[in-house]
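> Mind folding the following:
(chains A and B)
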Amino acid sequence: MWTFTLKRIIHLIPILLGVSLLTFLLMALTPGDYLTTLRQNPQISPETVDALRARFGLDKPWYIQYVYWLKNALMGDLGYSFAYKTSTTNLILGRLWNTFLLSFGATLIAWSIAVPLGVWAAVKKNSMVDRFCGLLAFVGLSIPEVLLALLALMFAYATGWFPVGGAQSPMYDLMTTFEQFRNRIHHLILPMLVLGASELAGIMRQMRSNLLDTLRAEYVTSARAKGLSEGWVVYKHALRNAINPLLTIFGYSLAGLLSGAFIVENIMAWPGLGRLTMEAFFSKDTNLVVASIVMATTLLVIGNFIADLLLAWSDPRIRLR
Amino acid sequence: MEPAAQNPEVIKPATVEHLSPSQLFWRRLRRQRIATIGAIILGILYVMALFAGFIAPYSFEPQDRQRFFHSPTWVQFRDGKLVVPRYVKKEGTFKYEASPTDHQPLRFFVRGDKYKWLGLVPSNLHLFGTADRVNYPVYLLGTDQYGRDIFSRLLYGSQISLSIGLIGIALSFSFGMLIGGMAGYFGGWSDNLIMRVSELLMSIPGLYLIMALRMTFPPKLSSAQVYLLIVIILSFVRWAASARVIRGMALSIRERQFVLAARSLGQSNLNVITKHVLPNTFSYVIVAATLSIPYYILGEVVLSFLNVGIQEPDASWGIMLNAAGNPDYLQNYPWLLAPGVAIFITVLAFNFLGDGLRDAVDAKA
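Modelled structure (predicted):
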């Protein structure tokens, strides 16, 4: 197990290096930067802009900039945000935590609903329940997150039950710890539900078809033949084997989850990484964009790593490779 | 008496029906009711997009400055005729009320805004409308914040959404098949390089990569340029996934005897790949391509929604939904969500079709 873990960790390094290099290259190709907009401001002299350019190393070719950036990044400094006039590291960590909360909560909701529903549909194959779940899956797979988020906003306005936008109320700092906690959860619920609902359908379908496949296996027939109760057969024998492939799906679904979070954050004004990236995009804050993309990738890569570990933990055949 | 003699069906000799794989495929596909429904819906949508200028009562640009946020017009049935009531605006609001008595008949094949069918044939014939276009407008789905007819814009927007997916899969799958096929067939360092590059692309969360790529181009471009740019970016992000699967298939296909036969007959490598290896991946490609069309449709919608895609005043489902992002509009004028419903129906139809195709391709099912 330890060698497996170590191997996977070593595998992460070239990916992160490659991603940061790629984003850096892309940003170098971007026409204009934050200082170009400063230059158009008549109050700032061209000399000041040039001085700034030299100070931030923007007058050097992109690969030299990358080496500098990498050196700083390894020491935990992801560069300076021009638009926010602060270090991007602090800026991103808070946003990253929000995105993580949103994605984690959505995953929890999606899985805790999708797995039982999928099992139910598979056990009662071709029944009303199964048909209903099938329809639900089609609707869930097809409804765009943009529309779902807008509908949720509409719901929030109409009922007034949920706050709209932000991760906390303006009075947050004056609250007691318990109130603060409740306030954050209150803000989190709606975006989390939207993101979770869009994840749900795929997992449910996969769960159903996996369980149906395992129920056809010979060991299930022999378990039934030796007279075990149906519940024991399904939950003890079939379900355990049907869950394994789902852990692989978990790894794959993370990329979609982060893209989904990007959409939900931007529409529902949840202050996460996706929203920050869009803001940085419009203010041409290239450093911030590079940093957010690298952080989003890190989140995804770590998520995949955890999925791998879970898979190795639940399926001993994989550990041996 | 033999029991079989009473029942002629039993003694009918068992004949072996010879069907080609593609005949089998069509037979199985027709049996999928859900796939048929999907195909019919898509057929209707594509015909509507093709004849958008004719079906739409207005063009996508003209603004009715008397009627911002006009609610959907209810075409009524009176005295055996379809009629359009006159809507009166309540002063100081964007609320409109249908007059119970004042109405005009709905006419078919009327003359109206000019358009060019397929961008070539100029015409001004529209499927329906009223004689008095100024006082009795037909806004089937209402108007938006500039007083433009949403139904017409929806039709014009469908031309973008319905074509972007087809061009996108054509690009990404031809690229993915070629690259994946070569990687799997040749193996070695090129295989290694291609797999590492695709791994890299796939480890960046999709929308972040798409945004980074979009950022390397100027923000304000004409809609035609943006359309091309979006297709290329979306295909670039997507080819890796299909290339990986096709590489895996090519790896096993190259060991098959017919490949060996083709090679020993002296066919070139390119010939072997395109004529013998890749056709064997078609069943996967057709299904995966159909199921990935929604990705392109939604990609355009998200980019346009976030103001980095198709620009006003051109019509696209994403830029139309953008108006619904305004909380005040969303609360009071819910018909602004119409493009969202259109996206949902289109994506649903593609999922229906793709799912049916998958079952039809899979001989086990």
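
> where are the low-confidence patches of the stretch 151-300 of chain B?
Under the criterion pLDDT under 70, no range of the stretch 151-300 of chain B is flagged.

> Quick one: name the residues of it near chain A.
For the stretch 151-300 of chain B, the contact set with chain A under Cβ under 8 Å from any Cβ of the partner chain comprises B:196, B:199-200, B:202-209, B:211-213, B:215-218, B:294, B:298. (C-beta placed from N, C-alpha, C; glycine too.)

> can I assume B:Arg65 is in contact with B:Gly147?
Yes - with contact defined as Cβ atoms under 8 Å, B:Arg65 reaches B:Gly147; the gap is 5.7 Å.

> more neighbours, these two?
A count of neighbours by other Cβ atoms under 10 Å in any protein chain shown puts B:Gly147 above the other of B:Arg65 and B:Gly147, at 18 against 8.

> Backbone dihedrals for the spatially closest residue to that one that is not a sequence neighbour, please?
Closest residue to B:Gly147 apart from its sequence neighbours, by Cβ to Cβ, 6 or more residues apart in numbering or on different chains: B:Asp64 at 3.9 Å. Dihedral pair for B:Asp64: phi -100, psi 100, per degrees, to the nearest 10.

> Please parse chain B into its domains.
Here the domain parsing of chain B from automatic domain parsing is B:73-138, B:152-361.

> Pick the most deeply packed of these.
A comparison of the domains of chain B by mean neighbour count, using mean count of other Cβ atoms under 10 Å in any protein chain shown, puts domain B:152-361 on top with a mean of 20.

> Take the domains of chain B and write them to JSON lines, including distance to A:Asp308.
Formatted as JSON lines, the domains of chain B follow (distance: least, Cβ to Cβ, whole Å):
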{"stretch": "domain B:73-138", "distance to A:Asp308": "51"}
{"stretch": "domain B:152-361", "distance to A:Asp308": "13"}
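
> so which of these gets nearest A:Thr30?
In terms of Cβ to Cβ, the element of the domains of chain B nearest to A:Thr30 is domain B:152-361, at 5.0 Å.

> can you give me the offset of the closest one from its chain's centre?
Centroid separation for domain B:152-361 versus its chain: 11 Å, with Cα atoms, centre = their mean, to the nearest Å.

> Check stretch A:41-61 too.
Taking mean C-alpha positions (Cα atoms, centre = their mean), stretch A:41-61 and its chain are 36 Å apart.

> neighbouring contacts of that stretch?
A:33, A:35, A:38-39, A:64-65, A:68, A:80 (Cβ atoms under 8 Å, 6 or more residues apart in numbering or on different chains).

> contacts for stretch B:43-52?
Stretch B:43-52 is contacted by residues B:55, B:117-118, B:155-156, B:158-159, B:162-163, B:345-346, B:349 when judged by Cβ under 8 Å, 6+ apart.

> how near is B:Ala288 to B:Pro327?
39 Å (Cβ to Cβ, to the nearest Å).

> ugh, wrong one, B:Phe344
With Cβ to Cβ as the criterion, B:Phe344 and B:Pro327 are 21 Å apart.

> same thing with A:Phe104?
Using Cβ to Cβ, A:Phe104 is found at 27 Å from B:Pro327.

> so how far is chain A from the closest residue in space to B:Gln32 that isn't next to it in sequence?
Spatial nearest neighbour of B:Gln32, excluding adjacent residues (Cβ to Cβ, 6+ apart): B:Gly356 at 3.6 Å. Separation of B:Gly356 from chain A (Cβ to the nearest Cβ, to the nearest Å): 12 Å.

> what's near enough to touch B:Gly356?
Each residue near B:Gly356 by Cβ under 8 Å, 6+ apart is listed here: B:29, B:32, B:34-36, B:38.

> Pipe the residues you listed into JSON lines and attach pLDDT and neighbour count per row.
Shown next, in JSON lines, are the contacts of B:Gly356 (pLDDT from 0 to 100; neighbours: other Cβ atoms under 10 Å in any protein chain shown):
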{"residue": "B:Leu29", "pLDDT": "73", "neighbour count": "17"}
{"residue": "B:Gln32", "pLDDT": "78", "neighbour count": "20"}
{"residue": "B:Ile34", "pLDDT": "84", "neighbour count": "15"}
{"residue": "B:Ala35", "pLDDT": "86", "neighbour count": "23"}
{"residue": "B:Thr36", "pLDDT": "88", "neighbour count": "15"}
{"residue": "B:Gly38", "pLDDT": "90", "neighbour count": "23"}
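
> Let me know the closest of those to chain A.
Closest approach to chain A among the contacts of B:Gly356 (Cβ to the nearest Cβ): B:Ile34, at 8.3 Å.

> Pretty sure B:Leu357 is one of the things the closest one touches, is it not?
No - taking Cβ under 8 Å as the definition, B:Ile34 is not a contact partner of B:Leu357, at 10.7 Å.

> which residues in the stretch 151-300 of chain A form helices?
Along the stretch 151-300 of chain A, counting by DSSP state H, counting those that start in this stretch, helices occupy A:177-215, A:218-225, A:230-232, A:239-268, A:273-282, A:286-314.

> can you tell me which of those helices comes nearest to chain B?
Chain B lies closest, by Cβ to the nearest Cβ, to one member of those: helix A:239-268, at 3.8 Å.

> Report the buried residues of that closest one.
Neighbour-count burial for helix A:239-268 flags A:239, A:241-248, A:250-251, A:253-268 (criterion: 16 or more other Cβ atoms under 10 Å in any protein chain shown).

> near chain B, which of these show up?
The subset of the buried residues of helix A:239-268 within reach of chain B, by Cβ under 8 Å from any Cβ, is A:255-256, A:258-259, A:262-263, A:266-267.

> Would you mind giving the residues you listed as JSON lines with pLDDT added?
Output for those, formatted as JSON lines (pLDDT from 0 to 100):
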{"residue": "A:Ala255", "pLDDT": "81"}
{"residue": "A:Gly256", "pLDDT": "83"}
{"residue": "A:Leu258", "pLDDT": "86"}
{"residue": "A:Ser259", "pLDDT": "88"}
{"residue": "A:Phe262", "pLDDT": "90"}
{"residue": "A:Ile263", "pLDDT": "91"}
{"residue": "A:Asn266", "pLDDT": "89"}
{"residue": "A:Ile267", "pLDDT": "89"}
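
> circling back to that earlier point, quick one: which of the domains of chain B is nearest A:Gln206?
Closest approach to A:Gln206 among the domains of chain B (Cβ to Cβ): domain B:152-361, 13.4 Å.

> what's the angle from the helix or strand harbouring A:Leu26 to helix A:286-314?
According to DSSP states H and E, A:Leu26 maps onto helix A:2-29. Here helix A:2-29 runs at an angle of 160 degrees relative to helix A:286-314 (axes from the mean of the first three to the mean of the last three Cα atoms, to 10 degrees).

> Remind me what helix A:2-29 packs against, helices and strands.
Applying 3 or more Cβ pairs under 8 Å, 6 or more residues apart in numbering or on different chains; DSSP states H and E, we find helix A:2-29 packed against helix A:62-74, helix A:286-314, helix B:188-202, helix B:206-215.
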